[in-house]
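[1] Sequence and computational prediction follow.
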Amino acid sequence: MLLGAFASSYPIASEASVLVGNLSCDVPVAWGPITGLQFYNDFSVSMKDKSGWNDSYVNTLGCFISSGPSYAYVDLVMGKNMVWLGGPSDALAEGDPNASWAALFNINVG
């Protein structure tokens, strides 16, 4: 199946099982303007039903920082056979049996 996103399109598996696991911990703080921290880890794997196709993984480890009406997400996103993390263009379909883990560092402020 063809999926379009991020100003591009790429093939994805039409059938797969997806496992998702998320952990988080809220820590109230009083560090000047910072009023709270939320540490989190979000993991998922897409296990494609087609024989010989390689699974896709993504793991996000980070911290949500709150300060009144402002906030920031600071996280490290890691993936294997993920299109937008350095994987091949067919990463969410066939994928690469020799794919290695790739990572990106992200900061989002609002």
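    Now that the structure is in, tell me what you want to look at.
[2] distance from the centroid: which residue in this protein tops it?
    Here the centre of the chain is the reference, and by CA atoms, centre = their mean the most remote residue is Gly32, at 30.7 Å.
[3] List the pairing partners of the helix or strand hosting Ala72 within its sheet, with orientation.
    For Ala72, the host element (DSSP states H and E) is strand 70-80. Applying DSSP bridges to the sheet, strand 70-80 is found paired with strand 56-67 (antiparallel), strand 102-109 (antiparallel).
[4] what's next to the shortest one, contact-wise?
    What that stands for is strand 102-109. Contacts with strand 102-109, where a contact means CB atoms under 8 Å, 6 or more residues apart in numbering, come from 62, 70-80, 82, 85-87. All C-beta spots, glycine's among them, are computed from the backbone N, C-alpha and C.
[5] Please apply the same query to the longest one.
    Defining contact as CB under 8 Å, 6+ apart, one finds that strand 56-67 is touched by 33-46, 48, 71-82, 85, 87, 91-92, 95, 101, 106.
[6] List the buried residues for that strand?
    Burial within strand 56-67, assessed by neighbour count using 16 or more other CB atoms under 10 Å, is assigned to Ser56, Tyr57, Val58, Asn59, Thr60, Leu61, Gly62, Phe64, Ile65, Ser66.
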